[in-house]
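>>> prediction below, plus the sequence it came from.
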Amino acid sequence: MNQIEFEKNSAPLLEYLQQRNIDAVAFDIDNTVLDTQGQFHETLYALGLEISQELPADIVPYTYEEISRQLENEVYAVYYKNKRKPVMIGTQFEQVLVDYLKHLSLGSVTEKMKERIKFYEQRHYTSSPKVYSSTPEILELVLSSGRKVVFNSHAQDDWTQIKIQYIASQINQVDTLPYVSVPITEDKNTESWLQAYSKVDTKPENTLTVGDNFTADIIPAIEAGCKSVVWINPREYELPENFILPEDIDLFIVENIEQLRDLNINSRYSLTNPCK
């Protein structure tokens, strides 16, 4: 075994997986293994710049860039107000634009604006967000240990397929990866995580589940019977006020997928060790 192989196979994560008899790792996709928020920013900013140029410059007291930033910020405000429930990006943007134009007394959304919104939405959903720099290494680490990976996506299936194909292309000697996709008109719940585990013939208690949305990923995975869960929480959100961690559950709280590599039994969340 060369030095690189030794370093990969000596990762604390693999020791933890062995200790807990974990046969597979189930990942959420967006903002867990892919920088979906980064792609949303690029789309919203570019779309906002185009829309801003359709507004009368002699009336609007903002630059094109300021208008774009304001619209983007409003989209995010609505998104978080709705507890991060996914909505098509064009729908989100147009809803915000209606209120924005009304606030500035600039009338309604024009047909030309609607056409540009539709164009950017179509472009957005025909390409995958980029992987985080550590995503390929983490996935290869798990796969090289003989374990399986599976993905649970909360997005339309055609876009999920594009993402899965892209993720697979970033991993050595992998052509495709198992996944389930939950339509955005439905909730990503316990049943979806059970479906994901069944895709790789793994029991919930023998699976590590990783996601960035506590409500859609962590809680339903625990309810499905998963005993080891990782919450990717870069914004350092607090745990839900009414959440009580069961004694038999290992909960880890990390900032990004890179930190999975150093997961170990001593970094579990507890009242005395709130692993941020």
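Right, received. Where do you want to start?
>>> for the record, mean pLDDT for whichever strand or helix holds residue 77?
According to DSSP states H and E, residue 77 maps onto helix 64-81. Computed over helix 64-81, the mean pLDDT rounds to 95.
>>> which helices and strands sit right next to that helix?
Counting contacts by 3 or more Cβ pairs under 8 Å, 6 or more residues apart in numbering; DSSP states H and E, helix 64-81 packs against helix 36-52, helix 89-103. Glycine gets a C-beta too; all of them are placed from N, C-alpha and C.
>>> so which of those helices is nearest residue 199?
helix 36-52 (21.3 Å; Cβ to Cβ).
>>> pull the residues that contact that closest one.
Residues outside helix 36-52 that contact it (Cβ atoms under 8 Å, 6 or more residues apart in numbering) are 29-31, 60, 62, 64-65, 67-72, 75, 89, 93, 97, 113, 116-117, 120, 123-124, 127, 129-130.
>>> let's see 6 Å
Under the contact criterion Cβ atoms under 6 Å, 6 or more residues apart in numbering, helix 36-52 has outside partners 30-31, 64, 67-68, 71-72, 75, 113, 116, 120, 124, 129.
>>> out of the residues you listed, which is nearest to residue 141?
Distances from residue 141 to the contacts of helix 36-52, taken by Cβ to Cβ, are shortest for residue 31, at 20.2 Å.
>>> burial measure for the closest one, as a count.
As a burial measure, residue 31 scores 21 neighbours (other Cβ atoms under 10 Å).
>>> just the pLDDT for the residue nearest to it when sequence neighbours are not counted.
Nearest residue to residue 31, sequence neighbours excluded (Cβ to Cβ, 6 or more residues apart in numbering): residue 212, at 4.7 Å. Per-residue confidence at residue 212 stands at 97 (pLDDT).
>>> repeat for residue 134
97.
>>> and it, what does it touch?
Contacts of residue 134 by Cβ under 6 Å, 6+ apart are 257-258.
>>> 10 Å instead?
Residues near residue 134 by Cβ atoms under 10 Å, 6 or more residues apart in numbering: 33, 141, 256-261.
>>> and the strands in the stretch 51-200 of the chain?
148-153, 179-181 (DSSP state E, counting those that start in this stretch).
>>> Serialize these to a markdown table and add fields for distance to residue 19, mean pLDDT and mean neighbour count.
As requested, the strands of the stretch 51-200 of the chain are arranged in a markdown table below (distance: least, Cβ to Cβ, whole Å; pLDDT from 0 to 100; neighbours: other Cβ atoms under 10 Å):
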| stretch | distance to residue 19 | mean pLDDT | mean neighbour count |
| --- | --- | --- | --- |
| strand 148-153 | 18 | 98 | 23 |
| strand 179-181 | 27 | 98 | 22 |
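>>> mind putting these in TSV, distance to residue 171 included?
Listed next are those as TSV, based on distance: least, Cβ to Cβ, whole Å:
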stretch	distance to residue 171
strand 148-153	9
strand 179-181	14
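>>> those: which one's closest to residue 136?
Minimum separation from residue 136 across these (Cβ to Cβ) falls at strand 148-153, 11.7 Å.
>>> and the closest one, how far from the chain's centre?
In terms of Cα atoms, centre = their mean, to the nearest Å, the centre of strand 148-153 is set 12 Å apart from its chain centre.
>>> and it, what other elements does it pack with?
If you count contacts as 3 or more Cβ pairs under 10 Å, 6 or more residues apart in numbering; DSSP states H and E, strand 148-153 packs onto strand 24-28, helix 135-144, helix 157-169, strand 179-181, helix 190-199, strand 207-211.
>>> redo these as JSON lines? Include distance to residue 11.
As requested, the helices and strands packed on strand 148-153 are arranged in JSON lines below (distance: least, Cβ to Cβ, whole Å):
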{"stretch": "strand 24-28", "distance to residue 11": "13"}
{"stretch": "helix 135-144", "distance to residue 11": "6"}
{"stretch": "helix 157-169", "distance to residue 11": "20"}
{"stretch": "strand 179-181", "distance to residue 11": "24"}
{"stretch": "helix 190-199", "distance to residue 11": "23"}
{"stretch": "strand 207-211", "distance to residue 11": "13"}
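>>> low-scoring stretches of this protein, by residue?
1-10, 271-276 (pLDDT under 70).
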